[in-house]
Structure formats: structure tokens, C-alpha cells
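In: The amino acid sequence is not available; the structure is as follows:
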């Protein structure tokens, strides 16, 4: 059960368009370097490496050229000493802010004359400011760019936020092009740089003590013990599912939920987070059924039970193989994470699950609440500009840790990522990265994305169905597919209409579409898309997500209804017994027109 929510920035409209550089709007909140952490629990903790209050938070801000440097490429550029300041875009500052309030307060300090003085080094690697504060003395705030990939922000204020609002105010002053007087780099900053270089040199020299034979054996024994414990938990889960099947799910409206809740608590002791989430979802459906007696809960419970039983069988075989082969180490199987495995970036990269110099553009973004997980999930869908692969990012924000985890937001730029890391899987893979640079999207990129789309619906649906055959899939699959027209269609048509004769012209606000019959209920109209071969598919809302279909009629540009590429989530509609698409964005030569965020 999931509930779609709005982003907390309040800045992004229901229908949003990412346009070419000439029309790029400033001030959009973007997400460039704060990506999902290694694991579900870790997402609430591991955001960006933090040294200390004095050292500040290490983040990734790309070095942008000044507007008057004609033809300079975005990214790092040589800057003559003392002549041209580095430029920071507001999108990047918003992405660095720990929350929307910190960004707003930083902007207020900058625009309200909060700085007594602003200074920078001649080599452009150090910026500092003296800022008025609530304390007796002014705060000293600085930004150290000696390491371009990992600049360090420091402030003498007592705030525990990194970067604090004063550090963000300093960045806003840089973005506004305010005058910074030249100064020498303070000696304490030089000393800190030397200590950092010494630590890095020690790390690169590989002075870390190698693991002893005794420690290796102990770690292996601990992993083996954990696997045996997980198998015990799967036995408990099997008893539960068999009991439900024998007793009949139809009676779930009358069963006691306490027994199942107690079993769910027990599963928490067996290192089985994946099965536990499915069990919690099943309990939620049972609870809802007892409240309103709606038959839909029975149907959903059946699907959840199928996934639960499938996961139990697959997990048992997977874990038993590890014991039989005496190989309890992590591998690239999807079940590793489902069964409590915690992925570290170096582990994934070590398995070869990475791509260097990747270019990503975000197609859609959404925020949902998963009641079974008790977490908010910020999910972004991205397309690899070079190979057309669609991937996603997930930022998990547990309810108990909301104030500690920043909510992600939409991104309207081109991300250049030195190393893109993949999670195990086949389609709709999750990705993450350590650092990325942000650029405006060149107009030609939209055409490149459109070329990566499926040319017709039959080919697209064949690929989608193969993915949905996996019982443990989410029940939908992202895709890009070309369309000739988007419009309205009446269900329950006669044979002449179903054969494609007398097709509507469509166009204005999504006109009528002729063609093959869509849906089972007669006398209703639905939105549909038609490919260039005359094949059509229904566009409809996906359970638990925001209604984007109604947004189609609100598109101000009628040209969007014809000759474009649709990004959406394809799924099987069990009620109509047909495939459908949950529309998210429309891609045209001039940009990405979002129906979501």
C-alpha cells in the first residue's frame, strides 16, 4: 500500500517541463550527489561522508565557468589567478542543502546583507566570509576547493547541519557574483590541508593491516551462522503461508491479526527483511479487509501471498546452495539484498557492476509512502543517454528518522557521472554514484533519447511481459515508446471501430482515437496512445500512485498529443485483463514534459 505525496520544496508544478538551455529555469531543486546509500537501514545514516563539525561535510560541486568565458565547457576550467571567480549554480546549492529551510535561510542571509566581509584566495581554491549571527561574535564560514571533487565547508556556528545555512549563504553569494576581496589562505586551513594529504597518502600507500587468517575464519563462520538462522526463519514462514492456503484467504476478514503480527516480529530476528516486508503488506490487506469488506483486498492478498511463497522457495534454494558450497560471501544475486545483505559501493564495483563516464537524464520523479516499510521513498527514473537503458534511484527515509535524512527532489539537468554503480538485476536496475557534475541539457540530447524508444507497442509489450513473469517484480516495468497520437477512446466499440475504420483525428486536448477495442466496460472513455502501426494501449492510473492521466488534458501545447515518445510504467491490468501504461512524461525534440514532478 503506497500513498503518493508532493515534494516538500513546493517549487515544482504538477506539470513540469525540462527544456533546452535557452529556456532553462533557475531555482529548480535538483539532486546530483546525495544518492541512495548502501542499504535500506543505511539510507537513514550514510548520506555524505562527514569528518567533524570543523572539517564539515564533503560534497561534490562541479566547477562552473563564468558566463563571460565564451565557449568554455562546463566542468573544471583553468581560471587565471585573481581574475575570474568560480561560478556555482543555484541548482547545485539546492542539491547540497540538508533541507529546504536551510536553503531558504541561506538565500535570506545572502540577500539580506548578512556578510560583513567576503574574501577569496588568489588561486581561487578558497572562499571565506564573516557572517552575522545570533551569537556574540560573528561566524567565520569557508569553502575549501583544494580537492575539486570533494570541497569542504566549515563554519564556526554551533549548527549540526552540514552544510549549515551560513555555508549555503556563502555559496549563494558566489552564485550571485558578489565581490570577494583577495586574501591569503589562513594558516589553520593550510595545516588542515596538509593533514588531509597525509591521510590520503597513507590510505593510497595501502598501510591498512591485512586481515589475519583467524579474522577471515571468524567472519566466514559468522556468515555461515547467519545463513542457518535465515533458513530457520524460512521454515517459520513456510508454516505461515501453508496455514493461510489451507485455511483459505477468503476467511481473512475474520482471522485474528495478532497472531500474524507476532509472527512478523519473530521474522525480524531471522535476518529476513524482504519476506518481512511482504508479510507486513499481507497483514495490512487483511486489516483493510476487516474494515471495509472490499473484495479488492482479497485479490491483492492473493498476489502478495504468491510473491511471499515464491520468495521463500527461491531464498531456501539460494541459501542452501551457499551452505553446500561453503561460500557464504556476497554475490551478484538479487536475493542477497532481499535476505538482509548490505551492499557497499566497493563491493558492487568489485563485482564489475559499474559503468564509467555515464550520462544520465531524469525522466520522472515521485515520492511515495510504503506503509509496510514505514518509509517514504524518493524514486527517480533516469535514462542513460548513450545506451538508452532506464535505471532508477531510491532514497529511503524511515518515518523514525525523517529529520535526519534529506528528501531528494527532481533533477532537470544532464548528469555526468565518473563511475555509475549498478545493483544486481536484469531490468529496471537501481543505481547510485558518489559524485556527479551538473550541466544544462543540450537540445540534441532530447533527440538522442527519443531514438532509444521502442518503435511499436508489440515489441515493447513483449519485453515488458518477459520482465513481469518474474514473480518478485514490482508489477510494472518502465519503458520509452514512440507514439503517433495520444487521445480519448470509447470502450466497447463495434466491429467496424475495432477494425480501425473511422479513426478519430485526435490532437486538440487529446482527441478521439479509433482502432482496436480497449477495456471491457462499454460506454466509457479512456485515454490511450496509438503507435505508428495503429496499435493502441490504455493510459491509466497505477494503484498507489498520483493520478497523471488527468494531467494529459491539461497540457497547454496541443502538439504534445502527436508524434512523440512516452515514458511510463507498463503493467498488467487484472480488472481489464489487458496491458496498460501509467504515463509519466512526454519527450519531444524541445524537452521532457513531465506529468509528474
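Out: Received it, and whenever you're ready, just let me know what you need. If you're wondering where the values come from, they're calculated on a predicted model, not measured in any experiment.

In: Give me the most central residue, this structure.
Out: In the chain, the residue lying closest to the centroid (C-alpha atoms, centre = their mean) is residue 393, at 2.8 Å.

In: Got the phi and psi for that residue?
Out: Residue 393 adopts backbone torsions of phi -120, psi 150, taken as degrees, to the nearest 10.

In: cool, residue 97 as well?
Out: For residue 97, the backbone dihedrals are phi -60, psi 140 (criterion: degrees, to the nearest 10).

In: surely it meets residue 171?
Out: No: applying C-beta atoms under 8 Å as the test, residue 97 and residue 171 come out as separate, 9.3 Å apart. Glycine gets a C-beta too; all of them are placed from N, C-alpha and C.

In: Look up the residues that both of the two are in contact with.
Out: Residues touching both residue 97 and residue 171 (C-beta atoms under 8 Å, 6 or more residues apart in numbering) are 106, 163.

In: Now do the contacts for the closest residue in space to the residue nearest to the centre of the chain that isn't next to it in sequence.
Out: Setting aside the residues directly before and after it, residue 393 is nearest to residue 380 in space (C-beta to C-beta, 6 or more residues apart in numbering), at 4.7 Å. Counting by C-beta under 8 Å, 6+ apart, residue 380 touches 31, 362, 364-365, 392-393, 408, 410-411.

In: you'd agree residue 380 is in a strand?
Out: Yes: assessed by DSSP: H, G, I helix; E, B strand; the rest coil, residue 380 belongs to a strand.

In: so what pLDDT did it get?
Out: Residue 380 is assigned a pLDDT of 95 by the prediction.

In: Report the separation between it and residue 488.
Out: Residue 380 is 30 Å from residue 488, where distance means C-beta to C-beta, to the nearest Å.

In: next one: residue 352
Out: According to C-beta to C-beta, residue 352 and residue 488 sit 48 Å apart.

In: Can you give the strand pairings for the top strand by length along the chain, parallel or anti for each?
Out: Looking across the chain with DSSP state E, the single longest strand is strand 354-370. Next to strand 354-370 in the sheet, as set by DSSP bridges, lie strand 2-5 (antiparallel), strand 375-384 (antiparallel), strand 414-422 (antiparallel).

In: What segments of the stretch 451-597 of the chain are strands?
Out: All strands of the stretch 451-597 of the chain, identified by DSSP state E, counting those that start in this stretch, fall at 476-490, 525-530, 536-539, 562-573, 578-588, 591-594.

In: Against which helices or strands is the fourth one packed?
Out: Read that as strand 562-573. Contacts defined by 3 or more C-beta pairs under 8 Å, 6 or more residues apart in numbering; DSSP states H and E place strand 562-573 against helix 443-451, helix 457-468, strand 476-490, strand 578-588.

In: how far does the longest one sit from the chain's center?
Out: When distances are taken as C-alpha atoms, centre = their mean, to the nearest Å, strand 476-490 is centred 23 Å away from the chain's centroid.

In: Need the helices and strands packed on strand 562-573 in CSV (columns: distance to residue 256 and mean pLDDT).
Out: Shown next, in CSV, are those (distance: least, C-beta to C-beta, whole Å; pLDDT from 0 to 100):
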stretch, distance to residue 256, mean pLDDT
helix 443-451, 53, 95
helix 457-468, 34, 92
strand 476-490, 33, 92
strand 578-588, 36, 94
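
In: Now render these as CSV, adding mean neighbour count and distance to residue 329.
Out: Converted to CSV, the helices and strands packed on strand 562-573 look like this (neighbours: other C-beta atoms under 10 Å; distance: least, C-beta to C-beta, whole Å):
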stretch, mean neighbour count, distance to residue 329
helix 443-451, 16, 39
helix 457-468, 17, 28
strand 476-490, 22, 31
strand 578-588, 22, 38
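
In: closest to residue 303 out of those?
Out: Nearest of the helices and strands packed on strand 562-573 to residue 303, taken as C-beta to C-beta: helix 457-468 at 12.0 Å.

In: got the angle between that closest one and strand 562-573?
Out: Computed by axes from the mean of the first three to the mean of the last three C-alpha atoms, to 10 degrees, the angle separating helix 457-468 from strand 562-573 equals 30 degrees.

In: who's in contact with helix 457-468?
Out: For helix 457-468, the external contacting residues (C-beta under 8 Å, 6+ apart) are 426-428, 454, 473, 475-477, 479, 481, 531, 533, 535-537, 570-572, 579.

In: if we can go back for a sec, would JSON lines of the strands of the stretch 451-597 of the chain with distance to residue 164 be doable?
Out: Formatted as JSON lines, the strands of the stretch 451-597 of the chain follow (distance: least, C-beta to C-beta, whole Å):
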{"stretch": "strand 476-490", "distance to residue 164": "37"}
{"stretch": "strand 525-530", "distance to residue 164": "47"}
{"stretch": "strand 536-539", "distance to residue 164": "45"}
{"stretch": "strand 562-573", "distance to residue 164": "38"}
{"stretch": "strand 578-588", "distance to residue 164": "35"}
{"stretch": "strand 591-594", "distance to residue 164": "32"}
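
In: if we can go back for a sec, and the pLDDT at the residue nearest to the centre of the chain?
Out: At residue 393, pLDDT is 96.

In: Residue 365 is in contact with that one, correct?
Out: No: Residue 393 lies out of contact with residue 365 (C-beta under 8 Å); the separation is 9.3 Å.

In: shared neighbours, the two?
Out: Residues touching both residue 393 and residue 365 (C-beta under 8 Å, 6+ apart): 379-380, 408.

In: Pick the one among those residues closest to residue 266.
Out: Looking across these and measuring by C-beta to C-beta, the closest to residue 266 is residue 379, at 30.4 Å.
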